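I'd like to go over a predicted model; first the sequence, then the structure.
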Amino acid sequence: MNRLAFHAVLVGFAAAHAGSAPPLAGLPLNCRESVSELYERVSPAVVSIVATAIDPYDSSRMQRQSGSGVIINSSGLILTNSHLVYEHPVLQVTLDDGKTLAGQLAGADPLFDIALVRVAPPSNGLPIAALSLADHLLPGDEVYAIGNPFGLEQTLTRGIVSAVNRILPGVSWSFREPLIQTDAAINEGSSGGPLIDRCGEVVGITTAILPEAQGIGFAVPTTLIRDLLPDLLTHGRVVRPWLGVQGQFVSTELKQILRLPLVDGLLIEMVEPGSPASQSGIQGGNLDVTVGGRPFLVGGDILTEMDGTPVGDQDHLNHALSVMKVGTSVRLTLYRDQKVRHVDVVITERPVQKTDVAGQRTMIPRAEPLRRDAAGLPRQRQGF
């Protein structure tokens, strides 16, 4: 999908929910502008967001956090981070001209840290930033971040794309998020602001840094945001199928060391309470063993097939998950105690989990990424 098609999709969704169709923002741009000209053109669409929540156990305790966002549609849609606005009912949006508007959460996805906030456009309209798919980015391409670090409004930082499709080990498990890595400075308060390319088009939303590193920051690419927009605008959330198991693939080393009659598949280590898997009698592990410095919980079921598709490796598992839909029945082939059995499970919607939200409260990537086991290997657990 090219940039104009992307804008057409965005406009269509916004019009369906706002009652009017704003003009297209994705017109061809002069990519040879100076950086200062680029900043003057794009920065008016960058906003400051202050989100406020009240502690339900202490009404006098107010929780405030601030960050950034970018206006993507003249009807008042603003892209930002979920960790900034999720579970914060009071939102104040300050425009580039200093005007403050009340914001309303239109949709949020804590797992991928993307949210949509809506404001009522003032009589003089709203500046908007153009979105472009990020699939043209390459390491070494110049990018810029605009945000409000530590309350310093409309700050521009400059850097390069350090990597694309960066999957952080240990993050989001099966919902692995391909991020843009950049050395453009991102600080507290910058979160939720746009990452723009040399043409001044938004290619990502800044989301996290590694706090112990220098110049290692991450942005959610617009290629991923495009896929989230329909659910966010229609349902206010992203609807994902959920089985409710966590585990890791059976490795050759595990077979050799344990000398058990194991089969290829996903070793189920834990079953989520109340999940479809739990209700279907699927069992997790009960014996903690360490193989090559990597911990396993063994003794539970091994998932070998989903609707006849083997799931002994990541590619096959990804394919099986890609066709899994909420409300449909899936036949699982399970192995335990040298016996094979088949279980039909009705897939439900994945609920928001504490781990989706807890790791987002600071500028640290979710679920404590880069956590490694005793052998120094990234953990490779799956959860779905």
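Alright, I've got the coordinates.

taking the centroid of the protein, which residue is nearest it?
Among the residues of the chain, the one closest to the centroid is Phe112, at 1.2 Å (C-alpha atoms, centre = their mean).

gap between it and Leu224?
According to C-beta to C-beta, to the nearest Å, Phe112 and Leu224 sit 7 Å apart. All C-beta spots, glycine's among them, are computed from the backbone N, C-alpha and C.

same check on Val143?
Val143 is 16 Å from Leu224, by C-beta to C-beta.

mutual contacts of Phe112 and Leu224, please.
Glu177 (C-beta atoms under 8 Å, 6 or more residues apart in numbering).

can I take it that Arg198 is in a strand?
No - secondary structure assignment (DSSP: H, G, I helix; E, B strand; the rest coil) places Arg198 in coil, not in a strand.

quick one, which of Val143 and Leu224 is more surrounded?
More crowded of Val143 and Leu224, by other C-beta atoms under 10 Å: Val143, with 24 against 18.

pLDDT averaged over the strand or helix carrying that one - what is it?
Secondary-structure assignment from DSSP states H and E places Val143 in strand 142-147. Mean per-residue pLDDT for strand 142-147: 96.

can you start the count at 17 instead of 1 from here on
OK, 17 is where the count begins now, so the last one is strand 158-163.

could you give me the buried positions within it?
Neighbour-count burial for strand 158-163 flags Val159, Tyr160, Ala161, Ile162, Gly163 (criterion: 16 or more other C-beta atoms under 10 Å).

dump it to PDB, keeping only the CA atoms.
Extracted in PDB, the C-alpha atoms of strand 158-163 (Å, rounded to 0.1, in the frame of the first residue of the first chain):
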ATOM      1  CA  GLU A 158      18.100  10.200   8.600                       C
ATOM      2  CA  VAL A 159      15.100  10.600  11.000                       C
ATOM      3  CA  TYR A 160      13.900  13.200  13.500                       C
ATOM      4  CA  ALA A 161      11.900  13.000  16.600                       C
ATOM      5  CA  ILE A 162       9.700  15.900  17.800                       C
ATOM      6  CA  GLY A 163       8.300  15.900  21.300                       C
END
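
which residues touch the helix or strand that comes right after that strand?
Counting by DSSP H and E, the next helix or strand C-terminal to strand 158-163 is strand 171-182. Outside of strand 171-182, the residues within contact range by C-beta under 8 Å, 6+ apart are 51, 55, 59, 150, 153-165, 194-202, 206, 231-232, 234, 237.

how about strand 171-182, which residues are buried there?
Thr171, Leu172, Thr173, Gly175, Val177, Ser178, Val180, Arg182.

and that strand, which strands flank it?
strand 158-163 (antiparallel), strand 195-198 (antiparallel) (DSSP bridges).

what comes into contact with the last one?
Contacting residues not belonging to strand 195-198 are listed as 150, 153, 159, 161, 175-184, 211, 219-220, 223, 232-237 [C-beta under 8 Å, 6+ apart].

likewise the longest one?
Strand 158-163 is contacted by residues 51, 54-55, 58-59, 62, 83-84, 86, 153, 170-177, 196, 198, 200-203, 205-214, 219, 222, 233, 235 when judged by C-beta under 8 Å, 6+ apart.

which of the residues you listed are buried?
Using 16+ other C-beta under 10 Å, the buried ones in the contacts of strand 158-163 are 54-55, 58-59, 62, 83-84, 86, 153, 170-173, 175, 177, 196, 198, 200-203, 205-214, 219, 222, 233, 235.

thinking again about what came up before, would you mind giving the strands paired with strand 171-182 as a markdown table with distance to Pro367 added?
Compiled in a markdown table, those are given as follows (distance: least, C-beta to C-beta, whole Å):
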| stretch | distance to Pro367 |
| --- | --- |
| strand 158-163 | 31 |
| strand 195-198 | 24 |
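
isn't Val368 up against Asp125?
No - counting by C-beta atoms under 8 Å, Val368 does not reach Asp125; the two are 9.0 Å apart.

now list whatever residues contact both of those two.
Contacts common to Val368 and Asp125, judged by C-beta under 8 Å, 6+ apart, are Arg253.

coming back round to it: out of the buried residues of strand 158-163, who's nearest Gln354?
The shortest approach to Gln354 among those belongs to Val159, at 54.6 Å (C-beta to C-beta).

who does the closest one form a beta bridge with?
Taking DSSP bridges as the rule, Val159 bridges to Gly175.

domain assignment for the chain?
Per the record, the chain has its domains at 19-37+61-146+245-251, 150-240, 257-365, by automatic domain parsing.

from these, which stretch is densest packed?
With neighbours taken as mean count of other C-beta atoms under 10 Å, the domains of the chain reach their highest mean count in domain 150-240, at a mean of 21.

residues touching Val342, list them.
Each residue near Val342 by C-beta under 8 Å, 6+ apart is listed here: Val255, Arg256, Pro257, Trp258, Ile363, Thr364, Glu365.

from the rest of the structure, what touches stretch 80-87?
For stretch 80-87, contacts defined as C-beta under 8 Å, 6+ apart pick out 61-69, 93-97, 100, 104, 109, 133, 142-145, 162-164, 167, 205-210, 218, 221-222.

please redo it, this time with the cut-off set to 6 Å
61-63, 65-68, 94-96, 100, 142, 144-145, 163-164, 205-210 (C-beta atoms under 6 Å, 6 or more residues apart in numbering).
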